[in-house]
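Colleague: Need coordinates for the following:
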Amino acid sequence: MSSGPKAFEAVVPSPNWPEKFTFSPGVKIGNMLFLSGTVATDDTGQIVGVGDIVEQTRQIYRKFKVILERAGGSMNDIVETTEYVTTFESYPATAEVRREFFGGPPWPTATGVMVKELYRPHALIEIKAIAVLS
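Modeller: The predicted structure is shown next:
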């Protein structure tokens, strides 16, 4: 049941985004972009970097970069991240990935939350973010 046009625009990484999914990877409203919680999957839906939280973090940010570019932005537009992790083992090393993708100060705000498990088996980290497009 639809009640008319939405006040926001969905941003998807490719035109082949499955219609069966009931969420958008990104939602743009005005100059704000909300990035859905994302795990480190490849184009076939398989987890990248099984057992490696650093590589999983890198894959998530690669996916964010694509969505941001489709919305007319860049990684520098991210102002907030929330990370859900199943382990703190090797988690401090993900800071290097943040440096790699965000380049330098000012850094986005960040919240890290330990969870028992994530929806996708073998996912060690899920990240969501908010960007203000310049």
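Colleague: so what's residue 57 up against?
Modeller: Residue 57 makes contact with 40, 94, 97-98, 125, 127 under the criterion Cβ atoms under 8 Å, 6 or more residues apart in numbering. The way it works is simple: take the backbone N, C-alpha and C, and place the C-beta from them, glycine included.
Colleague: oh sorry, the question was meant for residue 67
Modeller: Neighbouring residues of residue 67 by Cβ under 8 Å, 6+ apart: 11-13, 25-26, 33, 35.
Colleague: In strands, which of those residues fall?
Modeller: 11, 26, 33, 35 (DSSP state E).
Colleague: Apart from its chain neighbours, what residue comes closest to the last one?
Modeller: The one in question is residue 35. residue 129 (4.3 Å; Cβ to Cβ, 6 or more residues apart in numbering).
Colleague: buried set for the least confident helix or strand in the chain by mean pLDDT?
Modeller: Least confident helix or strand of the chain, by mean pLDDT, DSSP states H and E, is strand 9-11 with a mean of 91. For strand 9-11, burial by neighbour count (16 or more other Cβ atoms under 10 Å) applies to residue 11.
Colleague: before we move on, back to that, name the member of the contacts of residue 67 with the most neighbours.
Modeller: Neighbour counts for those, by other Cβ atoms under 10 Å, peak at residue 33, which reaches 27 neighbours.
Colleague: mind checking how far it is from residue 116?
Modeller: Noted for residue 33: a distance of 29 Å to residue 116, by Cβ to Cβ, to the nearest Å.
Colleague: what residues are up against the residue nearest to residue 107 when sequence neighbours are not counted?
Modeller: Closest residue to residue 107 apart from its sequence neighbours, by Cβ to Cβ, 6+ apart: residue 98 at 7.1 Å. Contacts here follow Cβ under 8 Å, 6+ apart; on that basis residue 98 touches 57, 107, 110.
Colleague: Now do the SS call for the last one.
Modeller: Of the three states, residue 110 takes strand under DSSP: H, G, I helix; E, B strand; the rest coil.
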